[in-house]
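Enquirer: Next comes the sequence, and after it the predicted model I'd like to discuss.
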Amino acid sequence: MLADADRIATLERERSRAMSAELHAQQEYTEIVQQTVHDEESARSALFRLWHAQQRQRELIAELESLHY
């Protein structure tokens with residue numbers, strides 16, 4: 001049971017970092033695409049980083065839910 005509590009605490013910290021990474025990636029992507037002239041490669045890279053941050057959050061949430069049930 002203690003191992004589960006430690007794992008949950010670790011996952012919660014990781015989820016917090018993942019949320020922060022998602023917000024940063026969202027801001028970066030928004031700034032790039034709002035530019036009148038933007039580099040398509042930069043926009044694609046920023047979109048990939050945003051997708052990756054969101055995917056990491058989904059993974060962490062799924063793992064947390066599996067520990068709670």
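Expert: Thanks, I have it.

Enquirer: Which stretches in the chain count as helices?
Expert: 2-34, 40-68 (DSSP state H).

Enquirer: I'd like those laid out as a markdown table, including mean neighbour count and mean pLDDT.
Expert: For every residue, glycine as well, the C-beta is placed using N, CA and C. Below are the helices of the chain laid out as a markdown table (neighbours: other CB atoms under 10 Å; pLDDT from 0 to 100):
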| stretch | mean neighbour count | mean pLDDT |
| --- | --- | --- |
| helix 2-34 | 13 | 92 |
| helix 40-68 | 14 | 93 |
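
Enquirer: Am I right that L11 is in contact with E63?
Expert: Yes: taking CB atoms under 8 Å as the definition, L11 is a contact partner of E63 at 5.8 Å.

Enquirer: How about the spatially most central residue of the chain, nearest residue that isn't a chain neighbour?
Expert: Centrality entry for the chain: nearest residue to the mean C-alpha point is A53, 2.6 Å, by CA atoms, centre = their mean. The shortest distance from A53 to any non-neighbouring residue, by CB to CB, 6 or more residues apart in numbering, is to E22 (4.0 Å).

Enquirer: who touches that neighbour in this structure?
Expert: Contacts for E22 (CB atoms under 8 Å, 6 or more residues apart in numbering) come out as 50, 53-54, 57.

Enquirer: Then H24?
Expert: With contact taken as CB under 8 Å, 6+ apart, H24 is in contact with A53.

Enquirer: for the one 4 residues further on, same thing?
Expert: Contacts of E28 were listed using CB under 8 Å, 6+ apart, and they are 46, 49-50.

Enquirer: now, among the residues you listed, which is nearest to E31?
Expert: Set against E31, the nearest of those by CB to CB is A46 (8.4 Å).

Enquirer: residues contacting the closest residue to I8 other than its chain neighbours?
Expert: Sequence neighbours aside, L67 is the residue nearest to I8 in space, at 5.6 Å (criterion: CB to CB, 6+ apart). Counting by CB under 8 Å, 6+ apart, L67 touches 4, 7-8, 11.
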